[in-house]
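In: Have a look at this prediction, sequence included:
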Amino acid sequence: MADRLYLRHSTDKQTNLRQKHNLASYLEAGAPTYEDPATSSRLHPLKRPGVVRLLDEAAVGDVVRLADAARLFRSVKDVLDVRDVLRRRGLHLRIASGPWAGMDLTSEDPMTKLFVTMLAGVLEFQRDMISENTKDGVAAARAGGKTLGRPARLSAAQAAEVVRDFEAGTAIKALARQHAVDPKVIRRALDLAGARTAPDLDTFTVEDAKADQPQTATADPVVVVDVPGLVTEHLADIDDDGVRQALAAGQTIRRGQGHLVRVTAPVSVHVSMVEHTATALMQSPAGRKAHRIHSDRVTGVRNTP
């Protein structure tokens, strides 16, 4: 029987120091650690790379240890899903601090099952209350006339002017120089106004990708594309084995507060990623930006001789 430690923090600005302090005795004893740095709790526990690796390496009777429940769980469903998988694999789960401290959460006795379910409900309730209080605070600030977020770089009149000039044929970089802003500010203003159209995904197909390759080249060559982190989050649940395997084999690269996954796969797999995520990503400015970057990268590699 071996101890296996799971650590997670949500952003690049956070660290695992507090968690390591709570688990110090096990770290000193040489217990293996499995980390998911800069990983949102919105990603289901069983889909996080660190958890997947832990489950692959754990043997019957091993004990999974956490500093606190929030490192692994977000909701009642998370608790029950993880508990069921660990129980079926013959693993134990113990948490170093909080109301669950000292309990084996995979125990089958009725009192443990009842207590786990009750505390999972409390955990989810606490998260919901934090979210509700945050929304109430934002609404109150807006009602009081406060402007939230970063100030707009372009006024409404300037944004309208940008759209008119863009539709008249002025290039984005020229508009950026004219208004003394970064080109991404111009792109954001155009996207919010719907002035830029997304790539025509009806024609951006696997067949097109193959047709664009030279006749002497491989029909579906393997290429490397850096996939934005937001795109990979939308690909987590798709029913496409080729895409899932390519992402699982990819290399995660942290950049500032975000990340990307460097994926090596056939052109057809990269095109499938673009097609799978287009609709969902176009619902927000950040999503549209991630989609544009990803689509441009895939288009670039498929057109490279």
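Out: On my side now, so go ahead.
In: For the rest of this, base every contact and every neighbour count on C-alpha atoms.
Out: Noted.
In: which stretches of the stretch 201-305 of the chain have low pLDDT?
Out: Residues of the stretch 201-305 of the chain that meet the criterion pLDDT under 70 lie in 201-219, 256-257, 303-305.
In: quick one, strands of it?
Out: In the stretch 201-305 of the chain, the strands defined using DSSP state E, counting those that start in this stretch lie at 222-228, 251-255, 258-266.
In: I would like the residues contacting the last one, please.
Out: Yep, that's strand 258-266 we're talking about. 12, 220-229, 232, 246-247, 249-254 (Cα atoms under 8 Å, 6 or more residues apart in numbering).
In: rewinding a little: CSV for the strands of the stretch 201-305 of the chain, including mean neighbour count and distance to Val181?
Out: Below are the strands of the stretch 201-305 of the chain laid out as CSV (neighbours: other Cα atoms under 10 Å; distance: least, Cα to Cα, whole Å):
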stretch, mean neighbour count, distance to Val181
strand 222-228, 19, 24
strand 251-255, 14, 23
strand 258-266, 19, 23
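In: Tell me which of these sits nearest to Val122.
Out: Distances from Val122 to each of the strands of the stretch 201-305 of the chain were compared using Cα to Cα; the minimum, 30.5 Å, belongs to strand 258-266.
In: Next, the angle from that closest one to strand 222-228.
Out: For strand 258-266 against strand 222-228, the angle by axes from the mean of the first three to the mean of the last three Cα atoms, to 10 degrees is 160 degrees.
In: ok, strand 258-266: who's next to it in the sheet?
Out: Strand pairing for strand 258-266, using DSSP bridges, gives strand 222-228 (antiparallel), strand 251-255 (antiparallel).
In: Quick one: residues contacting Arg196.
Out: Taking Cα under 8 Å, 6+ apart as the criterion, Arg196 is in contact with Leu190.
In: Could you tell me how far it is located from Lys289?
Out: To Lys289, Arg196 is 11 Å away according to Cα to Cα, to the nearest Å.
In: Not counting sequence-adjacent ones, nearest residue to the residue nearest the centre of the chain?
Out: Centroid-nearest residue in the chain, with Cα atoms, centre = their mean: Glu233, separated by 4.0 Å. Nearest non-adjacent residue to Glu233, counting by Cα to Cα, 6 or more residues apart in numbering: Leu43, 7.9 Å away.
In: how many other residues sit next to the one you found?
Out: For Leu43, the count of nearby residues is 12 (other Cα atoms under 10 Å).
In: same deal with Ile186?
Out: Neighbours around Ile186, by other Cα under 10 Å: 22.
In: where's it relative to Arg177, distance?
Out: Taken as Cα to Cα, the span from Ile186 to Arg177 is 10 Å.
In: ditto for Tyr26
Out: Look at Tyr26 and Arg177: by Cα to Cα, they are 57 Å apart.
In: Quick check on these two: which one has the bigger neighbour count.
Out: Per other Cα under 10 Å, whichever of Tyr26 and Arg177 has more neighbours is Tyr26, with 17 against 11.
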